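A.B. asks: How does the following fold in three dimensions:
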Amino acid sequence: MPLPQTAPSPMASFSRPDFLLASPGLCLQGPAAIHEHFERLNAHTRAARRQLGATPLRAGDALPVAALAMPEHARAGGATFLVEAYFPMALDVHTLDASTAPEALSICMPLSGEFRLRLHSGEYQAVAGEALIIDPAGVELTQVGAATHFIEFNLPKAGFLSLGAELAPGRWGGAPLFEPLLRGPLAERLRLMAVEAGKCLLPGRADAARQVMFKRWAELISLTLLDEHLLADSGRAMGSPPPGLKRALDFIAAHAREDILLADIAAAACVSARSLLRLFREHLGQSPGAYLRQVRLDQARAELKRGDAPTVRALAQRWGFQNPGKFSQAYRARFGESPGETRSPRIR
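C.D. replies: Numbers count the residues shown, from 1 in each chain. Have a look, this model is predicted:
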């Protein structure tokens, strides 16, 4: 959810409640600063509308926030890895434009108070000791209860796909689909691991060390979810797709070798580019471009197994990858092995 990570209002250091991470923090002090901040967010950030609860804020109320930036190598999952905050008031966040959502899965974990989410798939609630794992692109409404202390952390979808490829090559076509509610020991273990990952992003560590340590903790969190909490057996179990999405999928299947653009897919689907992005995010958990790349890689793998290509370089170019090195990287991320490990003995 969109949270105050910087604030132009009067700021001060906070000491209560106790935060899990000793990272630098900022605090919106008093009703005027809190109201001004959310009014400014509504004016300048059109992706969501934020509405404070009806209960008046008191003069001594404060809203402390701590945020840890995502390392550069994982920025596709959003600019922020972890946010920790205490909301003295209730807050509703209405999603207006999901197309700007990061390519990540978010885990919202109240340490006190409660979280409520209305997703495309239904409504869910989490209290202390529980958590909600969500695709931000599927959120319609976020409700934070008054006096709620929580953490929220993001895990890039690309990490799930890469690890999923090692666990079961080709099994997951898009971002894995998880049961939203996490309870008990699993939620507690995820909290502990997220805090350890966050510690790697605190000042004082050498860049190389913090990058490696963070990557390993993020992988461990993702692997734990894939192993213990996956809801569907094959990523996005879609059933019958909406007509517009089906037209788009058929067009991609027929023209995957060609140099096609988002506008071409949208025109074939008879929808706007924005609607096309929304359909893919809601039903497949990825963008049309990511899906097109996945189809191309699947087709390239099939040709490798049949031995239909003279060289791996030629195969990469045929399926839209001008750089063989990038083709090999994408191939390994999807299938957990290199093209050379897949190819038929006929391809040298």
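A.B. asks: what sits against residue 116?
C.D. replies: Neighbour list for residue 116: 123-125, 141-143, 145 [criterion: CB atoms under 8 Å, 6 or more residues apart in numbering]. C-betas here are computed from N, CA, C, even on glycine.
A.B. asks: rerun at 6 Å
C.D. replies: 125, 143 (CB atoms under 6 Å, 6 or more residues apart in numbering).
A.B. asks: what's the answer for residue 321, then?
C.D. replies: For residue 321, the contact set (CB under 6 Å, 6+ apart) comprises residue 327.
A.B. asks: which SS state does it fall under?
C.D. replies: Following DSSP: H, G, I helix; E, B strand; the rest coil, the label given to residue 321 is coil.
A.B. asks: One more: residue 116?
C.D. replies: strand.
A.B. asks: Now do the phi/psi pair for the closest residue to residue 53 other than its chain neighbours.
C.D. replies: Closest residue to residue 53 apart from its sequence neighbours, by CB to CB, 6 or more residues apart in numbering: residue 90 at 2.9 Å. Residue 90 has phi and psi values of phi -80, psi 150 when expressed as degrees, to the nearest 10.
A.B. asks: Now that we're looking at residue 90, what pLDDT does it have?
C.D. replies: Residue 90 is assigned a pLDDT of 95 by the prediction.
A.B. asks: same check, this time on residue 290
C.D. replies: pLDDT for residue 290: 84.
A.B. asks: same deal with residue 337?
C.D. replies: pLDDT, residue 337: 77.
A.B. asks: is it fair to say it lies in a helix?
C.D. replies: No: under three-state DSSP, residue 337 falls outside any helix and is assigned coil.
A.B. asks: number of nearby residues for it?
C.D. replies: 14 (other CB atoms under 10 Å).
A.B. asks: so how far is residue 58 from it?
C.D. replies: Going from residue 337 to residue 58 by CB to CB, to the nearest Å gives 60 Å.
A.B. asks: which parts of stretch 54-65 are buried?
C.D. replies: 57, 61-65 (16 or more other CB atoms under 10 Å).
A.B. asks: Stretch 130-144 too?
C.D. replies: Within stretch 130-144, the residues scored as buried using 16+ other CB under 10 Å are 130-139, 142-144.
A.B. asks: Same question for stretch 183-194.
C.D. replies: Taking 16+ other CB under 10 Å as the criterion, stretch 183-194 shows 187, 190-191, 193-194 as buried.
A.B. asks: gap between that stretch and the chain center?
C.D. replies: On the basis of CA atoms, centre = their mean, to the nearest Å, stretch 183-194 sits 18 Å off its chain's mean C-alpha point.
A.B. asks: could you pull out the strands for the stretch 51-200 of the chain?
C.D. replies: For the stretch 51-200 of the chain, the strands defined by DSSP state E, counting those that start in this stretch occupy 62-69, 80-87, 91-95, 104-112, 114-119, 122-127, 130-134, 139-144, 148-156, 181-183.
A.B. asks: mind checking the end-to-end distance for stretch 331-341?
C.D. replies: 11 Å (CA to CA, to the nearest Å).
A.B. asks: can you list the weak-confidence ranges in the stretch 101-250 of the chain?
C.D. replies: Scanning the stretch 101-250 of the chain for pLDDT under 70 picks out the ranges 165, 168-175, 205-206, 230-240.
A.B. asks: re earlier: ok, so of the buried residues of stretch 54-65, who is nearest residue 113?
C.D. replies: Nearest to residue 113, judged by CB to CB, of those is residue 63 at 13.1 Å.
A.B. asks: List the residues that contact that closest one.
C.D. replies: 28, 34.
A.B. asks: in the helix or strand where residue 305 lies, what's buried?
C.D. replies: Using DSSP states H and E, residue 305 sits in helix 288-306. Of all the residues in helix 288-306, those buried under the rule 16+ other CB under 10 Å are 288, 290-297, 299-301, 303-304.
A.B. asks: Any chance of CSV for the residues you listed, columns distance to residue 222?
C.D. replies: Listed next are these as CSV, based on distance: CB to CB, whole Å:
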residue, distance to residue 222
288, 24
290, 17
291, 21
292, 24
293, 20
294, 18
295, 24
296, 24
297, 20
299, 27
300, 25
301, 23
303, 30
304, 27
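A.B. asks: Name the nearest of those residues relative to residue 82.
C.D. replies: residue 290 (24.6 Å).
A.B. asks: how close does the closest one sit to residue 252?
C.D. replies: 11 Å.
A.B. asks: likewise residue 52?
C.D. replies: 44 Å.
A.B. asks: Stretch 251-261 spans what distance, first to last residue?
C.D. replies: 11 Å.
A.B. asks: And the contacts of it?
C.D. replies: 265, 268, 292, 295-296.
A.B. asks: could you redo the last one with a cut-off of 10 Å?
C.D. replies: 264-269, 273, 288-289, 291-300, 318-320 (CB atoms under 10 Å, 6 or more residues apart in numbering).
A.B. asks: Would you mark the buried spots in it?
C.D. replies: Using 16+ other CB under 10 Å as the test for burial, stretch 251-261 gives 251-252, 256, 260.
A.B. asks: What of stretch 271-291?
C.D. replies: The neighbour-count check on stretch 271-291 (16+ other CB under 10 Å) flags 271, 273, 275-288, 290-291 as buried.
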